[in-house]
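Engineer: With the sequence up front, the predicted model follows.
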Amino acid sequence: DVKVTQSSRYLVKRTGEKVFLECVQDMDHENMFWYRQDPGLGLRLIYFSYDVKMKEKGDIPEGYSVSREKKERFSLILESASTNQTSMYLCASSLGGPGTVQNIQYFGAGTRLSVL
Amino acid sequence: GQNIDQPTEMTATEGAIVQINCTYQTSGFNGLFWYQQHAGEAPTFLSYNVLDGLEEKGRFSSFLSRSKGYSYLLLKELQMKDSASYLCAVCRGSNYQLIWGAGTKLIIKP
């Protein structure tokens, strides 16, 4: 079974703090993704990575950065947390290959971040 | 532009059948996915369609019409554990990104 592990289920931080969200996958997947999910909105892509040290901006990258130093690990960084970044953050990975079942994304359990 | 529409909420009765629709507008369509998400949990993969027609997998089936930009997820013999949100997502073009609908919350009543 594919396993995607996020380091924390719940996190409470203060405005202005630097926040690190970690994600690890154990299936040697090429692609990794960070989303945020808010009520009434679909999953919104923040950043994704299709290879080690490679990253691409998604739809809402402002206020976030990412790091992928190893294939299995993809980190999301909030440089200076703000209250509007309170959300559920979901990490996902996929093997690759658009237009095939290899593009199925597998999700971690999510991190519910509250910024006070 | 790129857009995915699905109903916000649906209610059905245990043992019945329900159809959840999804319409999409996107350039470079390259497959459509359905995911199930229970409250407070991660989305889990249900089905994948890239060609027109019906894909059946046990109690769940998914249909795609690319010319109409339309898909549905059919759930048969509903069980209480099917109460969840159902997310429709479209793969766009030659990259790995999925565009996600806001999800349909399905409520099952006894």
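Structural biologist: Structure's in. What do you need? Residues are numbered from 1 along each chain as shown, chains lettered A, B, ... in the order given.
Engineer: What pairs with the lowest-mean-pLDDT helix or strand in chain A, parallel or antiparallel?
Structural biologist: Here the helix or strand of chain A ranked lowest by mean pLDDT, DSSP states H and E is strand A:56-57, holding a mean of 92. Counting by DSSP bridges, the strands paired with strand A:56-57 are strand A:44-49 (antiparallel).
Engineer: which regions of chain A sit below the pLDDT cut-off?
Structural biologist: Chain A contains residues with pLDDT under 70 at A:2, A:97-99.
Engineer: and it, which of its residues are near chain B?
Structural biologist: Taking C-beta under 8 Å from any C-beta of the partner chain as the contact definition, chain A meets chain B at A:4, A:31, A:40-45, A:48, A:50, A:58, A:90, A:94, A:96, A:98-101, A:103-110. In short, each C-beta sits where N, CA and C put it, glycine included.
Engineer: repeat that for 7 Å
Structural biologist: Contact residues (C-beta under 7 Å from any C-beta of the partner chain) of chain A with chain B: A:31, A:40-43, A:45, A:48, A:50, A:90, A:94, A:96, A:98-99, A:101, A:103-105, A:107-110.
Engineer: Which ones among the residues you listed lie within helices?
Structural biologist: Among the residues of chain A next to chain B, none falls in helices (DSSP state H).
Engineer: As a check, name the ranges of all strands in the chain.
Structural biologist: As the question left the chain open, I've gone with chain A. Applying DSSP state E to chain A gives strands spanning A:4-6, A:10-13, A:19-25, A:31-37, A:44-49, A:56-57, A:64-70, A:73-78, A:87-94, A:106-107, A:111-115.
Engineer: nope, chain B
Structural biologist: Using DSSP E, the strands of chain B run over residues B:3-5, B:9-13, B:18-25, B:29-37, B:44-49, B:53-57, B:60-65, B:70-75, B:84-92, B:98-100, B:104-109.
Engineer: Make a markdown table from these and add distance to chain A and mean neighbour count to it.
Structural biologist: Formatted as a markdown table, these follow (distance: least, C-beta to the nearest C-beta, whole Å; neighbours: other C-beta atoms under 10 Å in any protein chain shown):
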| stretch | distance to chain A | mean neighbour count |
| --- | --- | --- |
| strand B:3-5 | 7 | 16 |
| strand B:9-13 | 11 | 13 |
| strand B:18-25 | 11 | 18 |
| strand B:29-37 | 4 | 22 |
| strand B:44-49 | 5 | 17 |
| strand B:53-57 | 11 | 11 |
| strand B:60-65 | 13 | 18 |
| strand B:70-75 | 15 | 20 |
| strand B:84-92 | 6 | 24 |
| strand B:98-100 | 4 | 24 |
| strand B:104-109 | 10 | 16 |
